[in-house]
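Trainee: here is my input, please return the structure:
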Amino acid sequence: MANQAELRERFNPDGSSLRNHQLRMLEMLKYIDGVCKKHNISYWLSSGTLLGAVRHGGFIPWDDDLDIEMLRKDYLKLVKVLGREIDSKYALQTHKTDTHYLYPFGKLRDLHSVIKETHDADIFYKYKGVYVGTEVCQKASKAERQGCFGERQAEKRKADCPEVVFLVGQIFLDSSLVMGKYS
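Mentor: Model (predicted):
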């Protein structure tokens, strides 16, 4: 199996469009992280972003998106904060800021780039730059957990995971090894 350096050289060598895209997303994540820390907003990495942080010490070499998740109360707080004090390099894309936007979650968009998404609906979007997607999660009630897992399994799964995942996200952001690779 190829090592991390070989994978990165094969799929996203320095200067490639994918590598530049990843670096732009990392810059945006650092911005989001700063806003979240300043305003005591919790979030965590998710999906391929989390997998990349754990398995590759950064991005999955061929990955072209960056996903974070947060609880609904934190998402609403982030939207409010960004509505007041967003950096001029970015725009928050939601149904309120872009009437043609389709998704139930917001995206922080870079205003100095353009990407083509995998569907044609984005031709009507107001913002089309590189983005970081923000998925919203809600804690399940005991009844909801029991409905999904049954009563015995629900008791085993009632621990909240975001704290563990958040720690992995901090490794992605704070590791001098990772920062050395991605800064």
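
Trainee: would you map the helices across this structure?
Mentor: Taking DSSP state H, the helices of the chain run over residues 4-11, 17-38, 47-55, 72-85, 142-149, 151-156, 162-174, 176-182.

Trainee: mind showing which ranges of this structure have poor pLDDT?
Mentor: Judged by pLDDT under 70, the chain has its weakly predicted residues at 1, 138-183.

Trainee: the longest strand anywhere in it: which residues count as buried?
Mentor: If you go by DSSP state E, the chain has its longest strand at strand 131-137. Within strand 131-137, the residues that qualify as buried are Tyr131, Val132, Gly133, Thr134, Glu135, Val136, counting by 16 or more other CB atoms under 10 Å. Where you see a C-beta, it was placed from the backbone N, CA and C, and this is true even at glycine.

Trainee: need the residues you listed in a markdown table (columns: distance to Leu51).
Mentor: Converted to a markdown table, the buried residues of strand 131-137 look like this (distance: CB to CB, whole Å):
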| residue | distance to Leu51 |
| --- | --- |
| Tyr131 | 19 |
| Val132 | 16 |
| Gly133 | 15 |
| Thr134 | 18 |
| Glu135 | 15 |
| Val136 | 20 |
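
Trainee: ok, those vs Leu50, which is closest?
Mentor: Each of those was checked against Leu50 using CB to CB; the closest is Glu135, at 11.6 Å.
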